[in-house]
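S.K.: Quick check, what structure comes out for this input:
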Amino acid sequence: MMILPKRYAAVLLAALFLAGGTLSAAPAPSTFVHFVTVSGDRLMDGPDPLRFISFNIPNLHCIEDYMLFEETNVWRMPDAFEIRDALESIRAMGGTVTRMYTITVRREDDTPDIPRYVTGPGQFNEEAFRALDQVMAIANQVGVRVIIPFVDNWPWMGGRAEYAAFRGKKADDFWTDPQIKEDFKQTIFYIINRKNSITGTTYRDDKAILAWETGNELYSPDAWVEEIAAYIKSQDKNHLVLDGVAPNRLRDETLANPHTDIITTHHYEKDPRDMVRNIRASAAKAKGKKPYLIGEFGFLGLTGVEEVLREVESHPGVCGALIWSLRFHSRDGGFYWHSEPGNGGYFYKAYHWPGFASGENYAEREVMQLMRERGFAIQGKSVPILTVPKAPQLLPFDDPAHICWRGSVGASGYDVERSASRGGPWKRIGYNISDAETADRPLFHDRSAAIGSTWYYRVRARNAAGLSSPSNLVGPVTTRHKTLVDECWNFAIAFSRKGHLSLETADSRLFKEDAHRIAGVPGAELVYYIPGPLQTLKFYTFAASAAKSIEVSLSADGEEYTPLQVEARDFFAGAADYEYLRPLLFASSGLPDGIHYVRVAFLGEAQLGRAELIYGK
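M.R.: The predicted structure follows:
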């Protein structure tokens with residue numbers, strides 16, 4: 001029996017106390033019977049080979065895409081609904097394995113409200129780890145195994161540079177400095193020996209963990225890999241160790257490490273032929289030695305993805321391939337969005353199951369269907385027929401212009417229904433409405449609700465298999481005003497326009513994932529007409545600086561305009577790693593009587609993401 005250092009044992013005891021557990025509690029039941037093992041170059045689930053085609057889910061344990069316009073912190077922890085949605089989406093596509101992103105580490109530029117897992121040497125955020133507990137609890141229930149990487153080579157979520165910074169050292173000292181290595185081992189010890197606050201199972205005894213990955217895309221010395229992999233093995237005899245060194249071709253040194261069980265490559269070659277050649281060469285090198293995983297690949301068109309999957313399936317020693325990446329439904333309605341900064345700008349976005357028209361540029365629907373076909377085929381299974389989605393959950397609202405719901409796994413659209421009474425009859429007012437058209441915005445606007453009318457609402461999910469049972473009811477909802485909404489898909493909502501205006505869809509990440517915008521330059525104007533008296537206006541804009549970028553003017557007749565004195569509310573929290581632009585909200589209420597025209601004049605370069613004009617009878 002290994003005697004653990006006192007300082008590590010103290011961390012374990014503290015973790016157990018905070019999680020409300022004891023050392024003797026029995027593990028919670030799992031849908032899994034076996035730990036994953038290795039036989040030659042194969043992964044084994046008991047007596048059966050384990051092969052999979054599935055997805056990376058980077059946000060599974062920590063969300064970096066909370067892009068509400070008024071929100072200055074894009075980070076938050078996922079809840080049980082979101083985690084279940086993610087893992088059930090994978091299961092629907094035949095996936096049995098996923099890979100999350102790395103254990104997050106506090107960065108020097110973090111604000112206090114950003115949640116991280118590791119907050120200092122030997123310091124861990126219990127709230128964050130309870131989210132990971134939820135991931136593992138649901139993974140056991142759903143039947144998806146998880147690969148957990150310990151540390152990142154890159155700065156996105158904090159990684160090796162942050163461990164070094166805790167000790168006043170440089171990033172490359174992470175590989176060699178004894179104290180930094182001990183700090184990192186303390187994190188490994190804490191996680192492996194943590195007792196899940198939900199299931200009561202210690203992580204080292206959790207069969208839903210496929211493997212511990214030393215890190216993500218590490219450029220680590222071989223001696224470091226041997227030391228860290230050996231340390232992981234000393235703490236956990238049940239799970240495999242995946243070498244986090246991930247070039248696009250395998251190295252002989254990676255195969256020679258006696259303490260690692262699985263080797264991996266990552267692939268973002270621009271030419272799919274190069275990607276396939278590198279995978280083929282790596283598969284040949286690994287054959288008969290160790291299981292080989294395509295840990296990440298992506299930023300490809302449909303035929304490129306198809307060629308990669310065909311190559312993967314042709315090599316029995318390639319245990320699986322995980323495409324980059326999947327985002328799941330948000331608890332606030334719609335999906336999380338993530339534009340990917342690779343292969344020439346932000347063209348590709350994270351996928352949404354089952355695929356939508358919003359992903360047409362990168363063949364999202366076709367890629368998702370292909371992933372489903374191959375996800376079952378690699379297991380030797382036929383693709384099952386689609387099932388009717390479960391009922392969605394309608395979220396509370398008091399304005400028919402702001403209707404949102406929590407989506408259903410596998411739903412391709414939703415029908416919105418309303419009734420004058422709780423018991424019906426129900427009338428469909430929205431058919432096959434997508435919840436993947438806009439990010440962090442209302443999903444539906446009941447434009448036909450007259451001022452003074454009162455309604456009850458419900459929603460049904462649909463796909464090719466049929467229509468779900470109804471959601472919960474929300475109501476009674478009384479319509480107190482009308483709202484003109486412009487999501488800037490086109491110029492159809494504007495009454496008139498002048499000067500150089502353009503419709504923009506590119507580089508959505510810079511605009512908090514707002515994928516449809518109207519860009520203007522000095523001298524450009526938009527005019528909106530409102531049939532009733534204007535009460536409130538809101539213009540959601542983006543600009544490079546805080547300097548006043550638009551001027552709002554009001555008119556009763558469309559001829560004489562009076563500038564409105566309105567200061568922008570600035571929700572800028574820094575450019576961060578994605579070079580975010582500045583979100584500026586121009587809003588005003590208590591406006592003069594008789595206003596029917598609103599003019600937006602561009603004083604500088606800016607982009608309008610949404611306009612809301614609230615008016616009465």
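S.K.: Could you use CA atoms for every contact and neighbour count after this?
M.R.: Fine.
S.K.: doesn't residue 412 make contact with residue 354?
M.R.: Yes - with contacts counted by C-alpha atoms under 8 Å, residue 354 reaches residue 412, the gap being 6.5 Å.
S.K.: more crowded one of the two?
M.R.: residue 412 (23 against 20; other C-alpha atoms under 10 Å).
S.K.: Tell me where the model's unsure across the protein.
M.R.: Along the chain, the parts satisfying pLDDT under 70 run over 1-28, 342-344.
S.K.: contacts for the helix with the most length in it?
M.R.: Counting by DSSP state H, the longest helix found in the chain is helix 126-142. With C-alpha atoms under 8 Å, 6 or more residues apart in numbering as the test, helix 126-142 has contacts from 15, 18-19, 30-32, 60-62, 77-80, 83-84, 87-88, 91, 115-117, 145-146, 196-199, 207-209.
S.K.: from the chain's centre, how far out does that helix sit?
M.R.: 16 Å (C-alpha atoms, centre = their mean, to the nearest Å).
S.K.: cool, and stretch 300-308?
M.R.: The answer for stretch 300-308 is 22 Å, by C-alpha atoms, centre = their mean.
S.K.: cool, and stretch 77-87?
M.R.: Counting by C-alpha atoms, centre = their mean, stretch 77-87 comes out at 10 Å from the chain centroid.
S.K.: what about the strands in the stretch 101-250 of the chain?
M.R.: Ranges of strands in the stretch 101-250 of the chain, per DSSP state E, counting those that start in this stretch, are 118-120, 123-124, 145-149, 209-213, 240-242.
S.K.: nearest to residue 178, of these?
M.R.: Residue 178 sits nearest to strand 118-120 of all the strands of the stretch 101-250 of the chain, at 16.3 Å, using C-alpha to C-alpha.
S.K.: Can you give the contact residues for that closest one?
M.R.: Contacts for strand 118-120 (C-alpha under 8 Å, 6+ apart): 103-106, 124-125, 163, 166, 187.
S.K.: if we go to 10 Å?
M.R.: 103-107, 124-126, 128-129, 158-159, 162-163, 165-167, 183-184, 187 (C-alpha atoms under 10 Å, 6 or more residues apart in numbering).
S.K.: among those, which ones are buried?
M.R.: 103-107, 124, 126, 128-129, 158-159, 162-163, 165-166, 183-184, 187 (16 or more other C-alpha atoms under 10 Å).
S.K.: Tell me which of those fall in helices.
M.R.: 126, 128-129, 162-163, 165-166, 183-184, 187.
S.K.: any idea how far residue 438 is from residue 79?
M.R.: Here residue 438 is placed at a distance of 21 Å from residue 79 (C-alpha to C-alpha, to the nearest Å).
S.K.: Next: residue 516.
M.R.: 28 Å.
S.K.: again with residue 595
M.R.: Using C-alpha to C-alpha, which is the criterion applied here, residue 595 is 44 Å from residue 79.
S.K.: More neighbours: which of those two?
M.R.: residue 595 (21 against 17).
S.K.: And for the more buried one, nearest residue in space, chain neighbours not counted?
M.R.: residue 556 (4.4 Å; C-alpha to C-alpha, 6 or more residues apart in numbering).
S.K.: need the contact list for that neighbour.
M.R.: Residue 556 neighbours (C-alpha under 10 Å, 6+ apart): 529-530, 533-534, 562, 592-598.
S.K.: which of those has the most neighbours?
M.R.: residue 534 leads those on contacts (other C-alpha under 10 Å) with 28 neighbours.
S.K.: ok, now which ones touch that one?
M.R.: 481-483, 554, 556, 589-598, 613-617.
S.K.: swap the cut-off to 8 Å and go again
M.R.: Counting by C-alpha under 8 Å, 6+ apart, residue 534 touches 591-596, 613-616.
S.K.: do residue 209 as well
M.R.: So residue 209 contacts 136, 145-148, 203, 239 (C-alpha under 8 Å, 6+ apart).
S.K.: again, only using 10 Å
M.R.: So, once contact is read as C-alpha under 10 Å, 6+ apart, residue 209 ends up touching 35-36, 97-99, 136, 139-140, 144-148, 203, 238-240.
S.K.: returning to what we had before: between residue 354 and residue 412, what contacts are shared?
M.R.: 365, 463.
S.K.: how about the strands in the stretch 301-450 of the chain?
M.R.: 318-323, 393-394, 405-406, 413-419, 427-433.
S.K.: How far away from the center of its chain is stretch 491-505?
M.R.: The answer for stretch 491-505 is 31 Å, by C-alpha atoms, centre = their mean.
S.K.: Quick one: residues in contact with it.
M.R.: 347, 484-490, 511, 513-530, 597-602, 607-609, 611.
S.K.: Name the residues of it that are buried.
M.R.: 491, 493-494, 497, 501, 503-505.
S.K.: Would you mind measuring from residue 140 to residue 199?
M.R.: For residue 140 relative to residue 199 (C-alpha to C-alpha), the value is 10 Å.
S.K.: Residues that sit against both of those two, list them.
M.R.: 28-30, 134, 206.
S.K.: what about stretch 39-46, start to end distance?
M.R.: Stretch 39-46: ends 10 Å apart by C-alpha to C-alpha.
S.K.: between the ones in helices among the buried ones among the contacts of strand 118-120, which is nearest residue 246?
M.R.: Distances from residue 246 to those, taken by C-alpha to C-alpha, are shortest for residue 184, at 19.7 Å.
S.K.: hang on, isn't that closest one packed against residue 123?
M.R.: No - contact criterion C-alpha atoms under 10 Å: residue 184 and residue 123 do not qualify, at 11.1 Å.
S.K.: Need the residues touching each of those two.
M.R.: Joint contacts of residue 184 and residue 123 (C-alpha under 10 Å, 6+ apart) are residue 190.
S.K.: tell me the contacts of residue 279?
M.R.: Applying C-alpha under 10 Å, 6+ apart, the residues near residue 279 are 248-250, 265-267, 273, 285, 292-294, 308, 311-312, 315, 318.
S.K.: cool, residue 418 as well?
M.R.: So residue 418 contacts 424-430, 446, 449, 454-459, 473-475 (C-alpha under 10 Å, 6+ apart).
S.K.: try 8 Å
M.R.: 426-429, 455-458.
S.K.: Out of those residues, who's the most crowded?
M.R.: Going by other C-alpha under 10 Å, residue 457 tops those with 26 neighbours.
S.K.: packing partners for the helix or strand in which that one is found?
M.R.: For residue 457, the host element (DSSP states H and E) is strand 454-463. Applying 3 or more C-alpha pairs under 8 Å, 6 or more residues apart in numbering; DSSP states H and E, we find strand 454-463 packed against strand 393-394, strand 413-419, strand 474-478.
S.K.: for the first one, packing partners?
M.R.: The contact analysis (3+ C-alpha pairs under 8 Å, 6+ apart) places strand 393-394 against strand 405-406, strand 454-463.
S.K.: who does it pair up with?
M.R.: Sheet pairing of strand 393-394 (DSSP bridges) gives strand 405-406 (antiparallel).
S.K.: now the helices for this protein?
M.R.: 6-18, 80-92, 126-142, 160-166, 178-192, 222-235, 252-256, 272-286, 302-313, 364-377.
S.K.: hang on, the earlier thing: distance to residue 578 for the ones in helices among the buried ones among the contacts of strand 118-120 - can I get that in TSV?
M.R.: Output for those, formatted as TSV (distance: C-alpha to C-alpha, whole Å):
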residue	distance to residue 578
126	28
128	23
129	26
162	19
163	22
165	22
166	24
183	29
184	27
187	28
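S.K.: hang on, the earlier thing: residue 44 is nearest to which of the helices and strands packed on strand 393-394?
M.R.: Nearest to residue 44, of all these, is strand 454-463, at 35.1 Å by C-alpha to C-alpha.
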